[in-house]
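Asks: Here is my input, please return the structure:
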Amino acid sequence: MKEKTQPSLSFTEGPIFSSLIRFALPVLGSLILQAAYGAVDLLVVGWFGDAASISAVGTGSTFMQMVTLIITSLAMGTTVTIGQHIGEKKPEEAGNAIGTTILLFAVVGVALTILLEAFAGPLAGILQVPAESFDKTVLYLRICSGGILVIIAYNVISGILRGVGNANLPFLFVGIACVVNIVGDLLLVGVFHMDVAGAAIATVLAQFVSVVVSLAVLKKQPLPIRFSLKQCRCYPGELKRILHVGVPIAIQETMVQISFLVINSIVNNMGLMPSAGYGVAQKIVSFIMLIPSSVMQSLSAFVAQNIGAGRKDRAWKGFFTAMASGCTLGIFIFLAGFFGGGFLSSFFTSDAQVIAQSAAYLKGFSAECILTCILFSSIGYFNGCGNSLPVMVQGISSAFLIRIPVSLFMASLPNTSLTLVGLSTPITTVYGILFFLVCFAWMKRKRRL
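Replies: Reported below is the predicted structural model:
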């Protein structure tokens, strides 16, 4: 892979807002389509299955989404490292980072596959899956776990491309996967009546097709790096940089997702209908949260390139631009979630009780749509600087000191509802924002901004 003139985006020059938007839109498109995997599974199963199937796919896909997010978080180390090398104008070092990443994630993929296949049953037990949907949940988890290497391959490729400023190709690849997944779901679940097994098989098949297409395209795609297969080995310096950024982010994401799984188990313990309603709500939430997620990923790449080029002032301006843009859009998403939760939920099921439970959760959760744009912009800034330790501390403390205790308290109240449980997330985000305000104040005092 030789260094050539290429269509990737440089963040170190030109208008900040337009640069971020040009990058964020395809990132957002990719995230929308990626979220559509589990949503399409749930949608089709909701049409052709029962509440037990909805609960199984809701819980199973939520867990697999957690695994994917952890992988993506670890891959952020690669995105930031490559972005900084691009800003430093060191294409060969960027290639070394890619080679190290390939080896690192191959080991991670094999280990995760073995662990998840072996412990799918105990995991379903920990999640307190209702008895009616237990076996279906285990089946869904085991089939999806068999595709972990494929999931990792896609996210590593996307992380590399975003590091060099190319968000268009990941958008194309995930679009192909989404189409394959929709066709697979309709065929396996709707025609062959394979229920949750068909949904899981369609998801893995879609990811596999996407990876095959992406590898074929990348062979002919010019990138601003120097890379060859000889570089597929461990470079200690690059591994240290990747892990220095990626591990704290991955730990943070793991703790956050574990806290959401605890909430999932709390809701599962409330009964089948709340469990099914929460499963539907989480699919809608996965779409609602895409704007702040795209802001975070785009800002991380933006800041990484500018820090590498020594332009801290431009990185700081990018932070404020991303935060203001995200909050503006977040207001509209908040209104949709708060007032239109029942309508949105009706796309996934016709069961009136499930719709009511889902809408109740969304009403409590919806303030998160605005607040999290501030939080995720802060996370994106720290990640791009290569300083992900505050991100890890914030994530762990938020999960175990705020989100889980507040959720348990809300669930224990007399005549409680999913609306009260849903409030635990925006309450937690307020804490996260205050945490980063303290971090920024400390950095300013130490003249690190």
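Asks: Kindly list the longest helix within this structure.
Replies: Ranked by residue count, the top helix of the chain under DSSP state H comes out as helix 51-87.
Asks: After that helix, which helix or strand is next?
Replies: Later in the chain than helix 51-87, the nearest helix or strand by DSSP states H and E is helix 91-118.
Asks: hmm, back to that, just the angle between the longest helix of the chain and helix 91-118, please?
Replies: 160 degrees (axes from the mean of the first three to the mean of the last three CA atoms, to 10 degrees).
Asks: chain center to helix 51-87: distance?
Replies: Distance of helix 51-87 from the chain centroid (CA atoms, centre = their mean, to the nearest Å) equals 4 Å.
Asks: average pLDDT for that helix?
Replies: Helix 51-87 shows a mean pLDDT of 84.
Asks: List the buried residues in that helix.
Replies: Neighbour counts using 16 or more other CB atoms under 10 Å place 51-87 of helix 51-87 among the buried residues. Where you see a C-beta, it was placed from the backbone N, CA and C, and this is true even at glycine.
Asks: before we move on, what about stretch 184-196?
Replies: Within stretch 184-196, the residues that count as buried by 16+ other CB under 10 Å are 184-186, 188-189, 194-196.
Asks: now the residues you listed in a markdown table, with pLDDT?
Replies: Below are the buried residues of stretch 184-196 laid out as a markdown table (pLDDT from 0 to 100):
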| residue | pLDDT |
| --- | --- |
| Gly184 | 93 |
| Asp185 | 91 |
| Leu186 | 92 |
| Leu188 | 94 |
| Val189 | 92 |
| Met194 | 93 |
| Asp195 | 92 |
| Val196 | 91 |
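Asks: want to throw these into CSV with distance to Thr203?
Replies: What follows is the buried residues of stretch 184-196, written out as CSV (distance: CB to CB, whole Å):
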residue, distance to Thr203
Gly184, 8
Asp185, 8
Leu186, 13
Leu188, 10
Val189, 11
Met194, 12
Asp195, 14
Val196, 11
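Asks: Keep only those of those residues that are in helices.
Replies: Members of those lying in helices (criterion: DSSP H): 184-185, 195-196.
Asks: List just the nearest of these to Pro274.
Replies: Distance to Pro274, by CB to CB, is smallest for Val196 among those, at 19.5 Å.
Asks: what ranges of the protein fall below the confidence cut-off?
Replies: Scanning the chain for pLDDT under 70 picks out 1-10, 35-38, 447-449.
Asks: So which residue of it lies furthest out from the middle?
Replies: Pro414 (34.0 Å; CA atoms, centre = their mean).
Asks: ok, so what distance separates that residue from Leu420?
Replies: Separation of Pro414 from Leu420 (CB to CB, to the nearest Å) stands at 11 Å.
Asks: next one: Ile70
Replies: 28 Å.
Asks: Repeat that for Gly340.
Replies: For Gly340, the distance to Leu420 equals 20 Å [CB to CB].
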